[in-house]
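Asks: This is the structure alone, sequence omitted:
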């Protein structure tokens, strides 16, 4: 059973209720595991994170946003800027972020965490291959952004993405800042920004 992380007092574990009907015997036997849980990640989750990331990105672009060492580094330095979605103890989707202190993202933002800043750089959002096309990416991103609204001092979330992903992030409330100066394996990116000002949306189990 995965141990809960208490690195952030702002993020309360959030459990989705298992539907009343159609509960399998397997789920009944594993009643000690929550049907669905959101929590900060830690270095012990790094292997699961990297396996999902590698499968999702290498097959498409040939590159992972983060190496395993970088995953371990960020989950060690700033676990409070990550969020994982677990189902019956298994990681199904995750986001990893780090602190950044400039208006635009630069190449060094890909490997650095700057503590005590007003901006979060979202490095990667990834969903397990068996859980795609179910809206989990959108749900996890929404929950992550609302969680960030509760973190004192944070004002912005920044990311870079390929052009085909711009509509996905625009729908989540991000605005385009223009072409990014960052390049990875000759790929071009758009930089996008989300304003975190104001309170999190009122919603039951918001985690704030």
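Replies: Perfect, thanks for sending it. Please read these numbers as outputs of a predicted model, since none were measured by experiment. Numbers count the residues shown, from 1 in each chain.
Asks: Would you confirm that residue 137 contacts residue 93?
Replies: Yes. Counting by C-beta atoms under 8 Å, residue 93 is a contact partner of residue 137 at 6.6 Å. Every C-beta, even on glycine, is put in place using the N, C-alpha and C of the backbone.
Asks: any idea which helix or strand of this protein has the worst average confidence?
Replies: Least confident helix or strand of the chain, by mean pLDDT, DSSP states H and E, is strand 14-15 with a mean of 41.
Asks: does residue 116 belong to a helix or a strand, and which?
Replies: In the assignment (DSSP states H and E), residue 116 maps to no helix and no strand.
Asks: Check the burial of it by counting its neighbours.
Replies: Neighbourhood size, residue 116 [other C-beta atoms under 10 Å]: 7.
Asks: wait, what's in contact with it?
Replies: 99, 153 (C-beta atoms under 8 Å, 6 or more residues apart in numbering).
Asks: again, but for residue 43
Replies: 72, 75-76.
Asks: Excluding chain neighbours, what is closest to it?
Replies: Distance criterion C-beta to C-beta, 6 or more residues apart in numbering; nearest residue to residue 43, sequence neighbours excluded, is residue 75 at 4.9 Å.
Asks: Helix, strand, or coil at that neighbour?
Replies: Secondary structure state of residue 75, per DSSP: H, G, I helix; E, B strand; the rest coil, is helix.
Asks: count of neighbours near it?
Replies: When neighbours are defined as other C-beta under 10 Å, residue 75 has 25 of them.
Asks: Quick one: residues contacting it.
Replies: Counting by C-beta under 8 Å, 6+ apart, residue 75 touches 41-43, 45-46, 49, 82, 96.
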